[in-house]
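Asks: everything below, folded, please.
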Amino acid sequence: MGETFRQTVHLLMGVLSAAIILRLDDRWAFIFVSAALVAQFLVCDAFTRGYDVPVLSRVMDESERTGKVPLKGSIAYAAGALFCLAVFGRGYTAVGLVTVGVLDSISTLVGLRFGRHTLRGKKSLEGTVVGAAAAALALSFLIPWWAAVVVAAVAGVIEACFPLDDNVAVQVGVCVTLAVVGVGVGFV
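Replies: Take a look at the predicted model:
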């Protein structure tokens, strides 16, 4: 159950965070993401010091990979969102969060089950293609379909090939891609 649960949490965090950010004004969106980042850091610190945090300890046991820094991915997620908020605004940040949530979780689950052609490390061609297609479908509710395809394709390449944390890189790559192709996010 570990990886499926972990990826489900990943997917939900991306979509729910985007929804929350879109419902808030600029100032409150910035406060929300900043507070999430600080809270995640404090919980990470508690875990690394050996404290048992009620409810969260059980969730962490089910969702964190063994031997990894607790909440590293969540902290990177929030840091990437905070950067995107500051530089690109709420609309682009929401698109970045949905993209990384859908792409990363779907590509991992599909890659683990059906991946046969390795791209880099544990990243598979099958997972990347299906994850990018799922991200494009999800994004087509937020931005024009052609932009959703372009953004998802770029994000898929970043997720599969970038050697550092994809939770930050995909979000920033999505925002830069949206800016380059000149897509305004009109729902904000």
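Asks: going forward, measure contacts and count neighbours with C-alpha atoms only.
Replies: Noted.
Asks: show me the shaky parts of this structure.
Replies: Residues of the chain meeting the criterion pLDDT under 70: 1, 57-69, 185-188.
Asks: hey, where'd the helices end up in it?
Replies: Counting by DSSP state H, the chain has helices at residues 2-23, 26-48, 56-63, 72-88, 90-114, 125-139, 145-161, 166-181.
Asks: quick one: residues contacting Glu159.
Replies: The contact partners of Glu159, by C-alpha atoms under 8 Å, 6 or more residues apart in numbering, come to Asp104, Thr128, Asp166, Ala169, Val170.
Asks: that one and Asp104, how far apart?
Replies: 7 Å (C-alpha to C-alpha, to the nearest Å).
Asks: give me the number of residues near the residue lying closest to Thr128 once chain neighbours are set aside?
Replies: Spatial nearest neighbour of Thr128, excluding adjacent residues (C-alpha to C-alpha, 6 or more residues apart in numbering): Ser107 at 5.1 Å. By the criterion of other C-alpha atoms under 10 Å, Ser107 has 29 neighbours.
Asks: just Leu24 next, same as before
Replies: Neighbours of Leu24 under the rule other C-alpha under 10 Å: 15.
Asks: also Gly121?
Replies: Residue crowding around Gly121 was assessed by other C-alpha under 10 Å; the count is 9.
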